[in-house]
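Asker: The sequence isn't on hand, but the structure is:
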Ligand code: NAD
Ligand code: TYD
């Protein structure tokens, strides 16, 4: 079996669903179920014996080690993290705990388990660390995209904590020989994306008649990748990645935030026209104060994973974003569910104190 951390979050749950859609190898899904973890994402696996869910914290090395010894996975795939940049600005402590201390505890438990394996199992074992392009910092408009040799220059508490975790993983390969792999991926979008992040937030707010908040001038650039393409890249790296290596994963799809929001409004105008149409959802667009330390541009050179492992994204932005809007329109109960409770408090904290910008 494989041991997945954070498999109730956005990318983790997509990964687990894709994995069990493609093979019968069981998954032990270990997740703390923070505000971002949602068992509804995994509802399709409720009666599926191939999926074993255990609630727990990666900081609890003893629990992790006991589970590893009991279930003897051939790989650990590490998705669990605090993942929202804005939250890391308001309250960085959780990011240090989970992303740095939690990754350290997980590595220690994995190393202890791995060292007890016989020679064949040891050689076949993999620890795959899921990371982000944000560790590389920010690019100017004419800079070359991030490659695997770009120097780390994280700018937010989130990206700094992920950079630290990447370094720990690297060190466990070089020092202890742990068979590690790291992926650094660009911004994902797709089903089960928590509506605090730009794309699902804009869809939800548009439908609710609320403002579509654009930080600063909206000209910040991100490279967007449909989540199932990221999942396919992770499977490919797990199968054939070279030990100790890192692989950048991206969609070759740089877009300014304003253009992403315009694309969403255009699709929504077509699929779910506003009452009184031809009024467009674009009328809800609202410029708000910028994020402190906001990285201007991310871009990924995904040439290494393409050349070495033959991975390429299957979706274009047009096809992926259309599917995404359709998914949110068909799953409004899922959105309503996550928008209750603690999420409502977060919205208040993040947006009410931002002065509307001209
Ligand atoms: P997410 O916030 O949606 O989900 C994180 C999951 O981890 C949740 O289910 C949460 O309950 C769980 N978790 C948090 N702390 C935990 C702990 N201490 N112990 C166990 N479980 C814990 O995040 P996501 O967007 O799915 O991102 C998954 C991974 O991919 C992260 O490592 C993130 O850095 C990385 N990543 C994300 C993106 C993106 O665009 N979302 C892009 C590149 C890389
Ligand atoms: P986000 O989805 O938070 O991802 P990340 O910060 O990891 O790239 O944000 C994507 C971009 O959208 C980022 O440049 C910040 C911007 N943004 C807004 O303009 N308004 C918003 O309300 C949010 C959440 C993000």
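Answerer: Ah, there it is. As the structure is a computational prediction, the values presented were derived from the model and not from experiment. Ligands and ions are numbered 1, 2, ... in the order given.
Asker: Could you give the backbone dihedrals for the residue nearest to residue 243 when sequence neighbours are not counted?
Answerer: Taking CB to CB, 6 or more residues apart in numbering as the measure, residue 243 lies nearest to residue 179, with 4.9 Å between them; neighbours along the chain are not counted. To be clear about C-beta, it is placed using only N, CA and C from the backbone, and glycine gets the same treatment. Backbone torsions for residue 179, taken as degrees, to the nearest 10, come to phi -80, psi 90.
Asker: Same check on the one 4 residues further on?
Answerer: The phi/psi pair for residue 183 (degrees, to the nearest 10) reads phi -120, psi 140.
Asker: what's the burial count for it?
Answerer: Taking other CB atoms under 10 Å as the neighbour definition, residue 183 ends up with a count of 24.
Asker: Can you give me the distance of it to ligand 1?
Answerer: Residue 183 sits at a distance of 8 Å from ligand 1 (criterion: CB to the nearest ligand atom, to the nearest Å).
Asker: check contacts around that residue.
Answerer: For residue 183, the set of contacting residues under the criterion of CB atoms under 8 Å, 6 or more residues apart in numbering consists of 128, 129, 130, 131, 233, 234, 237, 246, 247, 248, 249.
Asker: gap between the helix or strand encompassing the first one and the chain center?
Answerer: Secondary structure from DSSP states H and E places residue 128 in strand 126-132. Per CA atoms, centre = their mean, to the nearest Å, the displacement of strand 126-132 from the mean C-alpha position of its chain is 12 Å.
Asker: what about the helix or strand just after it and ligand 1, any contact?
Answerer: Towards the C-terminus, the helix or strand next in line after strand 126-132, according to DSSP H and E, is helix 157-176. Yes. Under the criterion of CB under 6 Å from any ligand atom, helix 157-176 makes contact with ligand 1 via residue 162.
Asker: so what secondary structure elements neighbour helix 157-176?
Answerer: Packed against helix 157-176 by the contact rule (3 or more CB pairs under 8 Å, 6 or more residues apart in numbering; DSSP states H and E) you find helix 85-90, helix 93-95, helix 103-115, strand 126-132, strand 180-185.
Asker: can you tell me if that helix touches ligand 2.
Answerer: No. For a cut-off given as CB under 6 Å from any ligand atom, helix 157-176 has no contacts with ligand 2; the smallest distance is 7.3 Å.
Asker: Now do that helix against strand 180-185, angle only.
Answerer: Using axes from the mean of the first three to the mean of the last three CA atoms, to 10 degrees, the interaxial angle of helix 157-176 with respect to strand 180-185 works out to 160 degrees.
Asker: picking that back up, from the contacts of residue 183, pick the one nearest ligand 2.
Answerer: Taking CB to the nearest ligand atom as the measure, ligand 2 sits nearest to residue 131 out of those, at 12.4 Å.
Asker: For the closest one, give the beta-bridge partners.
Answerer: residue 184 (DSSP bridges).
Asker: Which one, of the helices and strands packed on helix 157-176, ends up nearest to residue 325?
Answerer: Evaluated over these, closeness to residue 325 peaks at strand 180-185, with 21.7 Å, by CB to CB.
Asker: Check which element follows the closest one along the chain.
Answerer: Per DSSP H and E, strand 180-185 leads on to strand 187-189 as the next helix or strand towards the C-terminus.
Asker: how close does the residue of the chain most remote from its centre get to ligand 1?
Answerer: Seen from the C-alpha centroid of the chain, the residue lying at the greatest distance (CA atoms, centre = their mean) is residue 276, 36.8 Å away. When distances are taken as CB to the nearest ligand atom, residue 276 and ligand 1 turn out to be 34 Å apart.
Asker: What strand or helix carries that residue?
Answerer: Here residue 276, judged by DSSP H and E, is contained in no helix and no strand.
Asker: Same check on residue 76?
Answerer: For residue 76, the secondary-structure element it belongs to, assigned by DSSP H and E, is strand 75-78.
Asker: Same question for residue 200.
Answerer: Element membership of residue 200, judged by DSSP H and E, is helix 198-207.
Asker: With that, I have no additional questions.
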